[in-house]
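Engineer: got a predicted structure plus its sequence, pasted below:
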Amino acid sequence: MPAPRPLPRTGGVFLDPRGEDRSLRVSWHPEADVVVLSLWRDNLCAGTFRLAVDEVPDLIELLRAGLTEAYAVARDRAERGGALPGDGQQAG
């Protein structure tokens, strides 16, 4: 298996809950004015997406809005006595 490539100084790795060595890497490249989102499996890059830095606020807003909605759904489910997200059920 190839060795994983290091991330730039500003970046992060997010592990996929499905396992199988799946991850999302986010790396800033200020010299190119982009953020690169890359999908990895078994330390091999399966695909990349270059997001212009001026589009990053729109992505952040989308994620923030989704998180707000997810919290509201989880709160409503908890108030009805239902299961909370992450309680052992895996998504596809």
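Structural biologist: Looks like it came in fine. Nothing here was measured: the structure is a model prediction, and the numbers come from that model.
Engineer: SS state for residue 81?
Structural biologist: Using DSSP: H, G, I helix; E, B strand; the rest coil, the structure places residue 81 in coil.
Engineer: and residue 55, how far from residue 34?
Structural biologist: Noted for residue 55: a distance of 9 Å to residue 34, by Cβ to Cβ, to the nearest Å. (C-beta placed from N, C-alpha, C; glycine too.)
Engineer: tell me which other helices or strands the helix or strand hosting residue 38 touches.
Structural biologist: Taking DSSP states H and E as the definition, residue 38 sits inside strand 34-41. Helices and strands touching strand 34-41, by 3 or more Cβ pairs under 8 Å, 6 or more residues apart in numbering; DSSP states H and E, are strand 22-29, strand 44-52.
Engineer: between residue 55 and residue 34, which is the more surrounded one?
Structural biologist: Using other Cβ atoms under 10 Å, the more surrounded residue of residue 55 and residue 34 is residue 34, with 17 against 11.
Engineer: for the more buried one, give its distance to residue 79.
Structural biologist: 42 Å.
Engineer: then residue 19?
Structural biologist: In this view, residue 19 and residue 79 are 32 Å apart by Cβ to Cβ.
Engineer: pLDDT-wise, which helix or strand of this protein ranks last?
Structural biologist: The helix or strand of the chain with the poorest confidence is strand 11-15; it has a mean of 91 (mean pLDDT, DSSP states H and E).
Engineer: what's in contact with that one?
Structural biologist: By Cβ atoms under 8 Å, 6 or more residues apart in numbering, the residues outside strand 11-15 that reach it are 7, 22-28.
Engineer: now it: buried residues?
Structural biologist: Within strand 11-15, no residue counts as buried by 16 or more other Cβ atoms under 10 Å.
Engineer: do the same with stretch 18-35
Structural biologist: For stretch 18-35, the neighbour count (16+ other Cβ under 10 Å) marks 23, 25-28, 34-35 as buried.
Engineer: and those as a markdown table, adding pLDDT and distance to residue 13?
Structural biologist: Output for the buried residues of stretch 18-35, formatted as a markdown table (pLDDT from 0 to 100; distance: Cβ to Cβ, whole Å):
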| residue | pLDDT | distance to residue 13 |
| --- | --- | --- |
| 23 | 94 | 5 |
| 25 | 94 | 5 |
| 26 | 95 | 8 |
| 27 | 94 | 10 |
| 28 | 93 | 14 |
| 34 | 96 | 18 |
| 35 | 96 | 14 |
